[in-house]
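**Student:** Need coordinates for the following:
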Amino acid sequence: MTATANMIFADGMSDVSIANGVARITLAQTGAEGKSTPVAQLCVPVTQLPGLANGLVQMLKQLQEKAREAQAAAAPPAAENPSILGGPTMSPGAFRFGDKG
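**Tutor:** Below you'll find the predicted structure:
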């Protein structure tokens, strides 16, 4: 992959529309006051959306697996960590995707 001068940071989407066979995804950034501000628009032919979406899903699955491996490697056995008996805890810097609680 080569470097590009068109790097855009986005932490969300503010709008998605489809017209003339092209999906237009408005990317947004959350500002200091929590307000979403549009920063760019990603235009993708609808015929390419399944491949793009599948690629993102596969990337998330890999991240989840790496997070599970890192958490398992960092977690001491239950006998050394009594808080495990009281419920799940997260060490600083740990993360989990799809966590409901």
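**Student:** and T30, what does it touch?
**Tutor:** Applying CB atoms under 8 Å, 6 or more residues apart in numbering to T30 gives the contacts 11-12, 36-37. To be clear about C-beta, it is placed using only N, CA and C from the backbone, and glycine gets the same treatment.
**Student:** Kindly reformat these as a markdown table containing secondary structure and distance to V44.
**Tutor:** Formatted as a markdown table, those follow (DSSP: H, G, I helix; E, B strand; the rest coil; distance: CB to CB, whole Å):
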| residue | secondary structure | distance to V44 |
| --- | --- | --- |
| D11 | coil | 19 |
| G12 | strand | 17 |
| S36 | strand | 21 |
| T37 | strand | 22 |
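**Student:** For those, pick the one with the most neighbours.
**Tutor:** S36 (16 neighbours; other CB atoms under 10 Å).
**Student:** give me the beta-bridge partners of it?
**Tutor:** Beta-bridge partners for S36, by DSSP bridges, are T30.
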